[in-house]
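> pasting the sequence and the predicted model now:
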Amino acid sequence: MARVLINVPAQAKRGEIIEIKTLIAHPMETGYRLGPTGAAIPRDIINRFTCSYNGEEVFRAEFFPAIAANPFIAFFTVATESGQIVFSWTDDHGETQTEIRQITVE
Amino acid sequence: MRALVLAVAAATAAATAAEIGPPDRRSGYDFAGPESRAMQDDDTANPGMLGVLQGETLWATKAGTADRSCAECHGDARTSMKGVAARYPAFERALARPLDLEGRINRCRTEHQGAAPFARESEDLLALTAFVAYQSRGLPITVPGDAELRPFLDLGSELFHRRQGQLNLSCSQCHDDNWGKRLAGAVIPQGHPTGYPVYRLEWQSLGSLQRRLRNCMIGVRAEPYEYGAPEAVALELYLMKRAQGMPLETPAVRP
Amino acid sequence: MDERSPGPPTRRLVLFTTAGLGLAAFTRPAAATPAAMDEAIRALVASAMVKPGRVKLELPPIVENGNTVPLTVTVDSPMSETDYVAGIHIFNEKNPQPYVAAFDLGPRAGKAVVSIRIRLADSQQVVAIARLNDGSFWSDSADVVVTLAACAEG
């Protein structure tokens, strides 16, 4: 489980546009770096990030090796109702890490 | 008499002419671009904080034959570690020499936890060091004036001022005499260790002051000091003294 | 960017090249996008026209370190049910690959603003293309100067 920092408000007004920031620990190995033997170190990156709000996907990102290590992303979403916001990161091996945050919307 | 006084004054002035006095001391933060500063200022966007989080977990993790965590001896790091990083490297009585913070953490591991020391620059050691140093964030660097540190400070000062490497440059020539000017595309900072372990964009990870010093030495084509070597610790001690009073920023973000 | 190989001679060569490229202000001719980036953009838009405007791509004009470059793309859009940004695509011209990132949005985004941190191998142009729900494409580009960090391992 990679370290994650998530900044999402715990409360918001209905219809308010909230900013979400996420940061996950990952080297994002590009596949272009040469190792000590001169052979390229294989690519190993997080290639997808999704954000779902009470089950509905509200944001998706596709990442390529040009994304810096410890990928950071800041985006916006409308606070529609109280519930769960689910973040998920998928890597080149098909493994997914998921984080959940609760939001209360008045 | 007057000639003697003038001669001494001139000699002293020459030796300390380049020293940066307390009001002129500037952190590397001031020389970094606005984007790097913004990255440092937001705890939820500072990649160094990922290391601090990892260190927080390690603090509470049992280790070694004693099956003991840092927390079991030191309790809540927020209180027990407050101010600690600001006064390191510190004199280690049992060894009759100063130890850097990484060395002290490893000594705790071997002496009190019965655990193998962390490898230098390993993710775990950097994370734990960052977590400990983070507890001193905002506090002024306070190297004690104890006499026992004197010979090590003098060594550190000598290393800082001596020319070295194929390029035959001393630390002082860049960081005392030419700070604020540009070296290729980068601005030369004053070289104060205010944010270590630091998230250096060049490394894309946390790294120690000694790693940064090794980078500098490779930069002047000198043989870099081994991690934890007496020269490395003496230089670190001198640099902290040279930055006396400046607030700690760990984990800082630098290019 | 990580693909620099280790060893002092390579770094000195790259430093010389970057210094030569980077500091002079340059204007690019209209069709100066290198082939790979052009091809990647074509693959996205097919035969549709990409219009400059409505998109603002923010990057530092001089980058402190090409390993981590903050980027923000903003698209002027009401993000309503009938008028919204469906996707944003970021391309570059000198990295080994032209793709940087692609985002799927919709009315639930509220604002079409995304910030990320990217790697840039060299001084180059970065392009952001927004795809609206009506099938139109809008773009902005930014020219970035990438310098090498002082005193590193390699």
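Okay, I see it.
> count the residues that sit near the residue nearest to B:Pro140 when sequence neighbours are not counted.
Once flanking residues are discounted, B:Pro140 sits nearest to B:Gly245: 5.0 Å by C-beta to C-beta, 6 or more residues apart in numbering or on different chains. No exception for glycine: its C-beta is placed from N, CA and C like everyone else's. Using other C-beta atoms under 10 Å in any protein chain shown, B:Gly245 is surrounded by 11 other residues.
> okay, helices next: where are they in chain B?
Ranges of helices in chain B, per DSSP state H, are B:2-16, B:28-31, B:34-41, B:48-59, B:70-74, B:77-80, B:101-108, B:123-134, B:150-161, B:171-175, B:209-219, B:230-242.
> swap that for chain A, sorry
Going by DSSP H, chain A shows no helices.
> for it, identify the residue most remote from the centre.
Taking C-alpha atoms, centre = their mean, the residue of chain A most remote from its mean C-alpha position is A:Thr37, at 33.1 Å.
> hmm, the helix or strand where C:Gly87 lies in reach of chain A?
C:Gly87 is part of strand C:85-92 when elements are defined by DSSP states H and E. Yes: residues of strand C:85-92 contacting chain A under C-beta under 8 Å from any C-beta of the partner chain: C:Asn92.
> next one: that strand to chain centre, how far?
10 Å (C-alpha atoms, centre = their mean, to the nearest Å).
> report the inter-axis angle for the next helix or strand after it versus strand C:85-92.
Once the chain leaves strand C:85-92, the next helix or strand it forms, by DSSP H and E, is strand C:99-104. Interaxial angle, strand C:99-104 versus strand C:85-92 (axes from the mean of the first three to the mean of the last three C-alpha atoms, to 10 degrees): 170 degrees.
> who in chain C is up against chain A?
Counting by C-beta under 8 Å from any C-beta, the positions of chain C adjacent to chain A are C:1-3, C:5-6, C:67-69, C:92, C:95-97, C:99-111, C:113-120.
> filter those residues down to the buried ones and hand me the PyMOL line.
Here is the PyMOL selection string for the buried members of those, based on 16 or more other C-beta atoms under 10 Å in any protein chain shown:
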select buried, chain C and resi 1+2+67+68+69+92+95+97+99+100+101+102+103+104+105+106+107+108+109+110+111+113+114+115+116+117+118+119+120
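> helices or strands next to the strand holding C:Gly87 in the packing?
helix C:35-45, strand C:69-75, strand C:99-104, strand C:112-118, strand C:124-132 (3 or more C-beta pairs under 8 Å, 6 or more residues apart in numbering or on different chains; DSSP states H and E).
> just checking: what are the partner strands of it?
strand C:99-104 (antiparallel), strand C:124-132 (antiparallel) (DSSP bridges).
> next one: the residue of the stretch 101-250 of chain B found nearest chain C from C:Val69, what distance?
Closest residue of the stretch 101-250 of chain B to chain C, C-beta to the nearest C-beta: B:Gly185 (2.6 Å). Look at B:Gly185 and C:Val69: by C-beta to C-beta, to the nearest Å, they are 14 Å apart.
> can you redo the strands paired with strand C:85-92 as a markdown table with distance to A:Ala69 and mean pLDDT?
Output for the strands paired with strand C:85-92, formatted as a markdown table (distance: least, C-beta to C-beta, whole Å; pLDDT from 0 to 100):
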| stretch | distance to A:Ala69 | mean pLDDT |
| --- | --- | --- |
| strand C:99-104 | 14 | 97 |
| strand C:124-132 | 18 | 97 |
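> what residues does chain A put near chain C?
So far as C-beta under 8 Å from any C-beta goes, chain A lies against chain C at A:17-18, A:29-30, A:32-34, A:53, A:56-69, A:71-78, A:80.
> which among the residues you listed end up buried?
A:18, A:29-30, A:32-34, A:53, A:58-69, A:71-78, A:80.
> B:Arg87 against B:Thr142, yeah?
Yes: under the criterion of C-beta atoms under 8 Å, B:Arg87 makes contact with B:Thr142 at 5.1 Å.
> point out where chain C drops to low pLDDT.
Chain C contains residues with pLDDT under 70 at C:1-33, C:154.
> show me the residue at the heart of it, geometrically.
Central residue of chain C (C-alpha atoms, centre = their mean): C:Val126, at 2.6 Å.
> understood, closing this out.
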